[in-house]
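Enquirer: after the sequence you'll find the predicted model.
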Amino acid sequence: MATRDNFSDSTKRTLAIRAAHFCSDPHCLKLTAGPHSDPNRSLTTGHAAHIHAASPNGPRYDSNQTPAQRKAIANGLWLCRECGDIVDKDDSPHSADLLRQWRTVHEAMIAEVRTKGYADSLTLLQSRRVEPIMAKKIIGALEDRRALWQTFDAELPDRVRQSLDHLRSRLVDLRYELADGSPLDQVLLSLTKTIHTFFNTVETSDLTRLRCNSNDPEWRSFNDALATLRKAVGLQISNLAQAYGVALSSDLQTLAPRPVEP
């Protein structure tokens, strides 16, 4: 029986924390940690997946790697168990480069929404609940943009660009109504940065000509960038809605993180 070069427990924990316990697949919103029915225990359903397989004949196995390289954190990413199963059983469309891109983009997104200024703002929002009318305006601006929730194959890329550009302008206008550095100003700044990141990712593509085609690498890149943007927005508006007790529309609820499943 072939020896597996498994990750250490420390490496698994680090991958989970770097992903904030969310699946790194840009199209998946699963949260992989949460409370157990036993109040003294927690529940984890995530998976430290190997980019290059841990043993021969596994998905994306690289014979040029040393055992140490296979066990290294650079060879892993955090996925929910379902996505981990999919990328291993259907490895043809899930190349090592794609999985590395998923991890890089996901961790960058988590770092953005967990910056000190944004985190401090959430603490203030939760404790003081300032500016409730403005919070509703922000959520209302997002509800008005179908690019955030419409199915991918129903959206023309250039219309997505136009919709997000209008949203970015609306968020900038709302910032003028707030004091610089105020809690909601930080939230708006984080949301506009998320949109900027999307535009930077797709800036080399001609979105006026791009159409849904799973065999087109350019379409897949656009598709993943939009999924990452939606996930980032979902994390941010979920926190905002919870802080103010604002109910999200059914469309925006599709962006909200999904709780861990037993």
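Expert: Arrived safely.

Enquirer: flag the shaky bits of the stretch 51-200 of the chain, pLDDT-wise.
Expert: Applying pLDDT under 70 to the stretch 51-200 of the chain flags the ranges 115-131, 152-155.

Enquirer: mind listing the strands for it?
Expert: Shown for the stretch 51-200 of the chain, the strands assigned by DSSP state E, counting those that start in this stretch span residues 76-80.

Enquirer: for it, which segments are assigned as helices?
Expert: With DSSP state H, counting those that start in this stretch applied, the stretch 51-200 of the chain shows helices at 67-71, 81-89, 96-113, 116-128, 132-143, 157-175, 183-202, listed in chain order.

Enquirer: angle of the fifth one against helix 157-175?
Expert: Here helix 132-143 runs at an angle of 170 degrees relative to helix 157-175 (axes from the mean of the first three to the mean of the last three CA atoms, to 10 degrees).

Enquirer: just checking, what packs against helix 132-143?
Expert: helix 157-175, helix 183-202, helix 217-244, helix 250-253 (3 or more CB pairs under 8 Å, 6 or more residues apart in numbering; DSSP states H and E). (C-beta placed from N, C-alpha, C; glycine too.)

Enquirer: give me the number of neighbouring residues for residue 144.
Expert: Using other CB atoms under 10 Å, residue 144 has 13 other residues around it.

Enquirer: residue contacts, it?
Expert: residue 167 (CB atoms under 8 Å, 6 or more residues apart in numbering).

Enquirer: that one and residue 136: what is the separation?
Expert: 13 Å (CB to CB, to the nearest Å).

Enquirer: and if you look at residue 225?
Expert: Counting by CB to CB, the gap from residue 225 to residue 136 is 28 Å.

Enquirer: the two - which one has more neighbours?
Expert: Taking other CB under 10 Å, residue 225 and residue 136 do not tie; residue 225 has more neighbours (21 against 14).

Enquirer: so that one touches residue 198, yeah?
Expert: Yes - taking contacts as CB atoms under 8 Å, residue 225 lies within contact range of residue 198: 5.4 Å.

Enquirer: OK, contacts around the residue nearest to residue 65 when sequence neighbours are not counted?
Expert: In space, and not counting its chain neighbours, residue 65 is closest to residue 52: 5.8 Å by CB to CB, 6 or more residues apart in numbering. Applying CB under 8 Å, 6+ apart, one finds that residue 52 lies in contact with 60-62, 65, 70, 75, 96.
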